[in-house]
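1. Return a 3D structure for these sequence lines:
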Amino acid sequence: MSSFVRSPKQLGSLIQQSRKMRGWSQTDLAQRAGLRQEMVSKIEAGQPGSRVASIFDLLAALDLEMTLAPRTKSSAADIEDIF
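-> Okay, the predicted model is just below:
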């Protein structure tokens, strides 16, 4: 799974998709990441105020990593997805 992420909402959606592909509940993921289920819910919803460390804990539990790259040109549809 490789996707461009430009907003907390997009990142949360990708985390949620990855969790569901594994057949895990939010509680399952939270236990594997050493977090509370409420934090998983908050991150998956793209709510502001999530600690970067918590996001990396979730990515590690899902065996995912984050790669940074220069921003590509966006279409109008891409910009709408951010908001």
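2. and the longest helix along the chain, what other elements does it pack with?
-> Ranked by residue count under DSSP state H, the longest helix found in the chain is helix 8-21. If contacts are counted by 3 or more Cβ pairs under 8 Å, 6 or more residues apart in numbering; DSSP states H and E, helix 8-21 sits against helix 26-33, helix 37-44, helix 52-61, helix 76-82. Quick note: C-beta positions are derived from backbone N, CA and C, even for glycine.
3. The ones you listed: which one's closest to Thr67?
-> Evaluated over the helices and strands packed on helix 8-21, closeness to Thr67 peaks at helix 52-61, with 11.0 Å, by Cβ to Cβ.
4. in that closest one, what counts as buried?
-> For helix 52-61, a neighbour-count test (16 or more other Cβ atoms under 10 Å) marks Ser54, Ile55, Asp57, Leu58, Leu59, Ala61 as buried.
5. I'd guessed the fourth one sits against Lys42; true?
-> No. Leu58 is beyond contact range of Lys42, at 10.9 Å (criterion: Cβ atoms under 8 Å).
6. sorry, back to before: mind giving me CSV with the helices and strands packed on helix 8-21 and columns for distance to Ser18?
-> Conversion of the helices and strands packed on helix 8-21 to CSV gives the following (distance: least, Cβ to Cβ, whole Å):
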stretch, distance to Ser18
helix 26-33, 9
helix 37-44, 10
helix 52-61, 9
helix 76-82, 18
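7. looking at the ones you listed, which is closest to Gly12?
-> Minimum separation from Gly12 across the helices and strands packed on helix 8-21 (Cβ to Cβ) falls at helix 37-44, 4.3 Å.
8. which residues are contacting the closest one?
-> With Cβ atoms under 8 Å, 6 or more residues apart in numbering as the test, helix 37-44 has contacts from 8, 11-13, 15-16, 19, 26-27, 29-30, 33, 49-50, 54-55, 58.
9. what comes up buried for the longest helix of the chain?
-> Pro8, Lys9, Gln10, Leu11, Gly12, Ser13, Leu14, Ile15, Gln16, Ser18, Arg19.
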